[in-house]
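K.L.:
From the sequence below, what's the structure:
(chains A and B, ligands or ions: 1)
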Amino acid sequence: MATVSTPWYRMDNASVMYSAIQREDYSAIYRFSAFMDREVDPAALQRAVDRAMPRFPGFAVRIRRGFFWHYFEPNPSPGPFVREDSADFCRPVRFGEDNGWLVRFLHYGRRISLEVFHAVADGAGALVFFRALLAEYLRQLGEDIPAGCAVDLDSPPSPGELEDAYLRHAGRVSRSFTQVKRAYQDLGTPEPFYTFNVTMGFVPIAQLKERASALGGTVTEYLSAVLIKLLLEKQRQERVHRQRPVALGIPVNLRPYFPTETLRNFIMTVQVSADPRLGDYSLPELVSLVRCQMRLYATPQNLRAVMTRGVKLQYNPLLQLIPSVLKNPIMLRSYRTSGVRPYTATFTNPGYFALPPEMSAHIEHMEVILGQAAVARPHISAIGYGGTMEITFSGTQQENDLEREFFRYLVREGMHVRVESTRG
Amino acid sequence: MSYCVNCGVELGAGAGSCPLCHTPVQNPHAVPDNDAPPFFPTRHEGVEPVSRRMAGLLLSSMLASVALCCGILNLLFYRELWWSFFPGGAAVMLWVWFAMPLLFRRLSAWCRLTLDTLAIGVYVLLIALAVHGLDWYLRLAVPMLLCAVCVCPTVIWVVRYRRLSILSSAILVLLTAGFLAAAVELFCDLYLRGVWRPGWSLIVLISCVGLCIPLIVIRRVPSLREEARRRFHV
Ligand SMILES: [Zn+2]
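P.N.:
Residues are numbered from 1 along each chain as shown, chains lettered A, B, ... in the order given. Reported below is the predicted structural model:
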């Protein structure tokens, strides 16, 4: 287990995967942005970054390539430096470039963005970090932000924040989810490298909640059901020879199930699916289907068994002995069969980003972007803040059918949708 | 602020058309504000390919020194034969195959493939020149190379871009292998005897076709295909 005193630490179960599937033109990366009430002051932001990084040693790391495994090591290089944002969101991370930093801080107009390589932390961990950074940035601007608003930057980092929670909570029984093996692949035409398309929709949370609860679900379940419905329709219109199930990968934060302080990865992807060969589904049926599947799979027993399987695999003595040069291609291959093919799309909702009034007065809205998928298909992510739910469709495919139909669907459901996009 | 008449979504202040359906905004009360800063940055930085210059240069210098040493030795020993053409040509071929992709990363795959094949052709030509064998070069090596150049990229293209199933790809590859074997024997026969007498290649071709027949049957019969899928997880 990792402690602060060790100068290096092992990757957790998710990091191993994310660093193994890393390619020259692909990395698992995501971005959170805060849209402030005024233009960003880069100098103040840099001061805030310099103050915040030492408090979060889990983010101030670089990845070294060991003979058997990649591992993390504190990064002694100068930086990370705040940079002006460009249109190339979520660019791939390279372990040898940019001084080895795995986090990026960017600013554009009124927007502060944090990009994180997924091996370092999951969304929940990164949001704790981002919150502390925003609080410090506002303090640097001279705002009075009380100490309790975010993590205290003067307190020493807690060892629990660096723990590998998968390892600690693994049980004895190991099992994999029973799930759809091969789902409908909503593949588009890939854009030339590196073009990344982002479309955001801003929807009032109250309207979403009202509609979702009328159908007996939460907002996540409702949005997932709408996505499944549209993907089912899309597949039907494509008139494929053999209709496949439509399956969404929904990352579940494991912290509510297993107590831990960790800011590293502690998530697991749950699959919700609908099989068109069984017949047509109405939206209320899909909402209850999604709800039931989430309840069925996301139980502590189930999650622990799947987690144990991953940890056992990682610590398997035979696998340990394979050099990483050979191991990584094997893992890339297994990622294709277990991480790409079973899913039509990914939908992640890191939850509601609640801020104390002292901070929320200065932040207009929040945004989240998932970096490119391993293949040209959309990634969908959402974050709630204030009264607005921000829903992002991002990816490297040229087509925008799914996002167009999705936002039109919400409009037909009687919601107010504002759309912003990098597409012309 | 304007709404898309087609989608019903509210658009940003600077939007001249709807990003979802590209319908132009025509709102006399709210002309698109072209001076408003764009919501997202528009400056493209581009992402450079990973630099492999050092590795490429190292490999180039290694190959160059091999070729140079052999050339000098050739001037000293066994001067009656141009034997340094063999290692020297091999060095050039290896350079085109391995060092060039590292140094020129923007070359397309097809361009690289063409150069790789040309390198083989030139290497064989060098050998032919060294052993005074232009005759077999023109009548044996060139036709075989041309045949491989025509067939292999076509198969790769079909398999990769037509998204063939594993079964169809296997059938295609097997048939191609059989055809290439037949072609090789044809050229050999024509060169050695002047007439085509199919022998060993016929056996190869028939075995390939024989292997294909069950695959084609599985491919054509849906229930069998489903069974094969289940058994082999393809
Ligand atoms: Zn529109």
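K.L.:
just the strands in chain B please.
P.N.:
B:2-3, B:10-11 (DSSP state E).
K.L.:
CSV please, covering the ones you listed and showing mean pLDDT.
P.N.:
Below are the strands of chain B laid out as CSV (pLDDT from 0 to 100):
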stretch, mean pLDDT
strand B:2-3, 88
strand B:10-11, 92
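K.L.:
closest to chain A out of those strands?
P.N.:
Chain A sits nearest to strand B:10-11 of all the strands of chain B, at 4.1 Å, using C-beta to the nearest C-beta. Placement of C-beta: from N, CA and C, glycine included.
K.L.:
Show me what the closest one is packed against.
P.N.:
strand A:418-421, strand B:2-3 (3 or more C-beta pairs under 8 Å, 6 or more residues apart in numbering or on different chains; DSSP states H and E).
K.L.:
Do any residues in that strand lie close to the ion?
P.N.:
No - Strand B:10-11 stays clear of the ion (C-beta under 5 Å from the ion), getting no nearer than 8.0 Å.
K.L.:
for the chain, which helix is longest?
P.N.:
Chain wasn't specified; assuming chain A. The residue-count maximum for a helix in chain A (DSSP state H) belongs to helix A:219-238.
K.L.:
could you do chain B instead?
P.N.:
helix B:166-192.
K.L.:
on that earlier part again, turn the helices and strands packed on strand B:10-11 into TSV, including distance to the ion and mean neighbour count.
P.N.:
Formatted as TSV, the helices and strands packed on strand B:10-11 follow (distance: least, C-beta to the ion, whole Å; neighbours: other C-beta atoms under 10 Å in any protein chain shown):
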stretch	distance to the ion	mean neighbour count
strand A:418-421	8	21
strand B:2-3	9	18
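K.L.:
To what extent is the residue nearest to B:V124 when sequence neighbours are not counted buried, counted in neighbours?
P.N.:
Once flanking residues are discounted, B:V124 sits nearest to B:A141: 4.8 Å by C-beta to C-beta, 6 or more residues apart in numbering or on different chains. Using other C-beta atoms under 10 Å in any protein chain shown, B:A141 has 19 other residues around it.
K.L.:
How about the one 10 residues further on?
P.N.:
Using other C-beta under 10 Å, B:V151 is surrounded by 15 other residues.
K.L.:
Any idea which of the strands of chain B gets closest to A:E163?
P.N.:
strand B:10-11 (44.8 Å; C-beta to C-beta).
K.L.:
Tell me the strands beside the closest one, with direction?
P.N.:
strand A:418-421 (parallel), strand B:2-3 (antiparallel) (DSSP bridges).
K.L.:
Other residues contacting the longest one?
P.N.:
Outside of strand A:418-421, the residues within contact range by C-beta atoms under 8 Å, 6 or more residues apart in numbering or on different chains are A:197-202, A:400, A:407, B:4, B:7, B:9-12, B:18-20, B:39-40.
K.L.:
now do the shortest one
P.N.:
Contact with strand B:2-3 is made by B:V9, B:E10, B:L11, B:A15, B:V25, B:N27, B:A30, B:P32, as judged by C-beta under 8 Å, 6+ apart.
K.L.:
Pull the distance from it to the chain's centre.
P.N.:
Relative to the centre of its chain, strand B:2-3 is centred 49 Å away, using C-alpha atoms, centre = their mean, to the nearest Å.
K.L.:
Could you dump the strands of chain B into CSV with distance to A:A247 added?
P.N.:
Output for the strands of chain B, formatted as CSV (distance: least, C-beta to C-beta, whole Å):
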stretch, distance to A:A247
strand B:2-3, 34
strand B:10-11, 32
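K.L.:
ok so, going back, turn the helices and strands packed on strand B:10-11 into CSV, including distance to B:S168.
P.N.:
Shown next, in CSV, are the helices and strands packed on strand B:10-11 (distance: least, C-beta to C-beta, whole Å):
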stretch, distance to B:S168
strand A:418-421, 39
strand B:2-3, 48
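K.L.:
among the ones you listed, which is nearest B:L118?
P.N.:
That would be strand A:418-421 among the helices and strands packed on strand B:10-11, by C-beta to C-beta, at 45.3 Å.
K.L.:
average pLDDT across the closest one?
P.N.:
For strand A:418-421, mean pLDDT rounds to 93.
K.L.:
Kindly export that strand (C-alpha atoms) in PDB.
P.N.:
In PDB, the C-alpha atoms belonging to strand A:418-421 read as follows (Å, rounded to 0.1, in the frame of the first residue of the first chain):
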ATOM      1  CA  ARG A 418     -28.900  26.200 -24.800                       C
ATOM      2  CA  VAL A 419     -26.300  24.800 -27.100                       C
ATOM      3  CA  GLU A 420     -22.700  25.700 -27.600                       C
ATOM      4  CA  SER A 421     -20.300  23.800 -29.900                       C
END
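K.L.:
How far off centre is that strand?
P.N.:
21 Å.
K.L.:
And the helices in the chain?
P.N.:
Using chain A here. A:13-20, A:42-52, A:123-140, A:165-169, A:205-214, A:219-238, A:283-297, A:300-314, A:317-320, A:324-335, A:357-360, A:401-412.
K.L.:
Can you look at chain B instead?
P.N.:
For chain B, the helices defined by DSSP H cover B:53-76, B:85-94, B:100-103, B:109-130, B:134-136, B:142-161, B:166-192, B:200-220, B:222-232.
K.L.:
about what we covered before: identify whichever of the strands of chain B lies nearest to B:T114.
P.N.:
strand B:10-11 (47.5 Å).
K.L.:
interface residues of chain B facing the ion?
P.N.:
Contact residues, chain B versus the ion (C-beta under 5 Å from the ion): B:C4, B:N6, B:C7, B:C18, B:L20, B:C21, B:T23.
K.L.:
Most neighbours of all the residues you listed, which one?
P.N.:
Highest count within these by other C-beta under 10 Å belongs to B:L20, 26 neighbours.
K.L.:
for the closest residue to that residue other than its chain neighbours, what are its contacts?
P.N.:
Leaving out its chain neighbours, the residue that sits closest to B:L20 by C-beta to C-beta, 6+ apart is A:R404, at 4.1 Å. Remark: with contacts taken as C-beta under 8 Å, 6+ apart, A:R404 is in contact with B:C7, B:L20, B:C21.
K.L.:
just to revisit the earlier point, would you mind writing the CA trace of the longest helix of chain A as PDB?
P.N.:
What follows is helix A:219-238, C-alpha atoms only, in PDB (Å, rounded to 0.1, in the frame of the first residue of the first chain):
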ATOM      1  CA  VAL A 219     -31.700  12.600 -13.700                       C
ATOM      2  CA  THR A 220     -28.800  10.200 -14.600                       C
ATOM      3  CA  GLU A 221     -31.300   7.400 -15.200                       C
ATOM      4  CA  TYR A 222     -33.500   9.600 -17.300                       C
ATOM      5  CA  LEU A 223     -30.700  10.900 -19.400                       C
ATOM      6  CA  SER A 224     -29.300   7.400 -19.900                       C
ATOM      7  CA  ALA A 225     -32.700   6.200 -20.900                       C
ATOM      8  CA  VAL A 226     -33.000   9.000 -23.500                       C
ATOM      9  CA  LEU A 227     -29.600   8.100 -24.900                       C
ATOM     10  CA  ILE A 228     -30.500   4.400 -25.200                       C
ATOM     11  CA  LYS A 229     -33.700   5.300 -26.900                       C
ATOM     12  CA  LEU A 230     -32.000   7.400 -29.500                       C
ATOM     13  CA  LEU A 231     -29.300   4.900 -30.000                       C
ATOM     14  CA  LEU A 232     -31.900   2.200 -30.500                       C
ATOM     15  CA  GLU A 233     -33.600   4.300 -33.100                       C
ATOM     16  CA  LYS A 234     -30.300   5.100 -34.800                       C
ATOM     17  CA  GLN A 235     -29.500   1.500 -35.100                       C
ATOM     18  CA  ARG A 236     -32.900   0.700 -36.500                       C
ATOM     19  CA  GLN A 237     -32.500   3.400 -39.200                       C
ATOM     20  CA  GLU A 238     -29.200   2.000 -40.200                       C
END
